[in-house]
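# Next one to model:
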Amino acid sequence: MARSDDSSINTLCSRTEEPVICRACLQADPNSKSADGQGLALMAISCAERDTTFLHGDTFNLLQNATGHLKGILDDCTQRSFLAQQEFLPAARYVQEGQYDSAIDVIAEEIIPSVMYCLKLFDQNPEWPVPQLVLAGTVASNQTCRNAVEILRSI
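Numbers count the residues shown, from 1 in each chain. Reported below is the predicted structural model:
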């Protein structure tokens, strides 16, 4: 992909599951109009990292007031979201090096499972409802990660 513009962003984002979220992410960066495919992929990874950071912060904040078994669940969620955050730097580095398949592997095999782990814990403990912030944060992080993967597959 050569240099970007609204048309190429629309085309690229149309290949994702959530084109509206994808376009909003990319167009929020003022550099998106002049970015090439690699630059747009890095922007998409940045959005996914931002959403994962929010998820981590929300689970950490909920953990501070939790007790008993819920505290254990939220502690695990917090740890896994932190681990997910740590994987964005290697993913971005792979993109910068043009190793898109490796970046896809990091996001799909390391980050997304760590993000989704929290919901699995709540599924295993149905007596505890998923806190709204955790649910919303997990959905947002998962979706922006999946968008980044689809962008990487398209460039």
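# buried ones in the top helix by length along the chain?
Of all the elements of type helix in the chain, the one with the most residues (DSSP state H) is helix 37-65. By neighbour count, with 16 or more other Cβ atoms under 10 Å as the criterion, the buried positions of helix 37-65 are 37-56, 58-60, 62-63. (Each C-beta comes from the backbone N, C-alpha and C, glycine too.)
# In the helix or strand where Gln79 lies, which residues are buried?
Gln79 belongs to helix 68-86 when elements are defined using DSSP states H and E. Of the residues in helix 68-86, those with enough neighbours to count as buried (16+ other Cβ under 10 Å) are 70, 73-74, 76-85.
# Please apply the same query to stretch 95-106.
Of the residues in stretch 95-106, Val95, Tyr100, Ser102, Ala103, Ile104, Val106 count as buried by neighbour count, 16+ other Cβ under 10 Å.
# got the phi/psi numbers for the fourth one?
The phi and psi torsions at Ala103 (degrees, to the nearest 10) take the values phi -60, psi -40.
# Against Ser14, how distant is it?
When distance is defined by Cβ to Cβ, to the nearest Å, Ala103 is 21 Å away from Ser14.
# List the residues that contact Asn142.
Asn142 is in contact with Ile112, Val115, Met116, counting by Cβ atoms under 8 Å, 6 or more residues apart in numbering.
# Let's see if you can find the most crowded of those.
Within the contacts of Asn142, Val115 tops the neighbour count with 30 neighbours, counted by other Cβ atoms under 10 Å.
# Tell me what angle whichever helix or strand it is part of forms with helix 37-65.
Secondary structure assignment for Val115, by DSSP H and E: helix 112-124. Between helix 112-124 and helix 37-65, the angle comes out at 30 degrees (axes from the mean of the first three to the mean of the last three Cα atoms, to 10 degrees).
# I'd like the buried residues of helix 68-86 as JSON lines, with distance to Val139 and pLDDT appended.
Converted to JSON lines, the buried residues of helix 68-86 look like this (distance: Cβ to Cβ, whole Å; pLDDT from 0 to 100):
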{"residue": "Leu70", "distance to Val139": "20", "pLDDT": "96"}
{"residue": "Ile73", "distance to Val139": "18", "pLDDT": "97"}
{"residue": "Leu74", "distance to Val139": "17", "pLDDT": "97"}
{"residue": "Asp76", "distance to Val139": "18", "pLDDT": "97"}
{"residue": "Cys77", "distance to Val139": "14", "pLDDT": "97"}
{"residue": "Thr78", "distance to Val139": "17", "pLDDT": "98"}
{"residue": "Gln79", "distance to Val139": "20", "pLDDT": "98"}
{"residue": "Arg80", "distance to Val139": "16", "pLDDT": "97"}
{"residue": "Ser81", "distance to Val139": "13", "pLDDT": "97"}
{"residue": "Phe82", "distance to Val139": "19", "pLDDT": "98"}
{"residue": "Leu83", "distance to Val139": "19", "pLDDT": "97"}
{"residue": "Ala84", "distance to Val139": "14", "pLDDT": "98"}
{"residue": "Gln85", "distance to Val139": "17", "pLDDT": "97"}
